[in-house]
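Engineer: Build me a structure from this.
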Amino acid sequence: MRFLYYDSVSNIVKGKEIVGVKTFSLSEEFLRGHFSKRAVIPGVIFMEAMAQLLGWLIIYSNDFNLTAVLSLVEGVRVPFNIRPGISVDICGTIVSTSERDSMGRACVYHNGTEIARIDRILYSHFHKTDREELMQRFCYYSGYSPGEIKGT
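Structural biologist: Numbering: from 1, shown residues only. Model prediction:
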């Protein structure tokens, strides 16, 4: 079972922003037994999707020389009644960064309308990483090819 809550990365700008897409189908594993009478996408799934993409933006922006670990989330607004069958755009932006951590914000849009938001999300940096492994994972999870991220 994968706990990956975006399908691909559609745009990434080093040090600035990332955009990913996700289509929620009725066959999503997390919907099994979650709500017995009416399938609804849990709000925490939107939070996780935003956190996953913003984490990759931080790693990508630091040339895969560190990994980002979520440490704080504030100002969260998530929908409570979204049914499967929708496609969303997930956007993350780095607000500030230092040697030790990064802060960002993220939103989820459906047909151009914001449906979820995190006002402040902090990541601690861990500098002991396997750069090549992170690059391979990023390519696998984002849909980017190694040639597209060369020179990072």
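Engineer: and residue 136, that's in a helix?
Structural biologist: Yes: under DSSP: H, G, I helix; E, B strand; the rest coil, residue 136 falls within a helix.
Engineer: which residues touch the closest residue to it other than its chain neighbours?
Structural biologist: Setting aside the residues directly before and after it, residue 136 is nearest to residue 146 in space (C-beta to C-beta, 6 or more residues apart in numbering), at 7.9 Å. From N, CA and C alone the C-beta is placed, and that goes for glycine too. Residues in contact with residue 146, defined by C-beta atoms under 8 Å, 6 or more residues apart in numbering, are 135, 136, 139.
Engineer: low pLDDT regions in this structure?
Structural biologist: For the chain, the stretches with pLDDT under 70 are 1-2, 150-152.
Engineer: try it again with 80
Structural biologist: Scanning the chain for pLDDT under 80 picks out 1-2, 33-37, 150-152.
Engineer: The biggest strand by length in the chain pairs with which strands, parallel or anti?
Structural biologist: Within the chain, and with DSSP state E defining each element, the longest strand by residue count is strand 113-126. Paired neighbours of strand 113-126 in the sheet (DSSP bridges): strand 67-77 (antiparallel), strand 101-110 (antiparallel).
Engineer: Packed most tightly, which of these would that be?
Structural biologist: strand 101-110 (a mean of 20; mean count of other C-beta atoms under 10 Å).
Engineer: Using PDB, write out every CA atom in it.
Structural biologist: The C-alpha coordinates for strand 101-110 follow below in PDB (Å, rounded to 0.1, in the frame of the first residue of the first chain):
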ATOM      1  CA  ASP A 101      14.500  24.600   8.500                       C
ATOM      2  CA  SER A 102      12.000  25.800   6.000                       C
ATOM      3  CA  MET A 103       8.600  27.400   6.200                       C
ATOM      4  CA  GLY A 104       5.900  27.300   3.600                       C
ATOM      5  CA  ARG A 105       2.200  27.400   2.800                       C
ATOM      6  CA  ALA A 106       0.000  25.300   0.600                       C
ATOM      7  CA  CYS A 107      -3.400  25.200  -1.000                       C
ATOM      8  CA  VAL A 108      -5.600  22.700  -2.800                       C
ATOM      9  CA  TYR A 109      -7.800  23.900  -5.700                       C
ATOM     10  CA  HIS A 110     -10.700  22.300  -7.500                       C
END
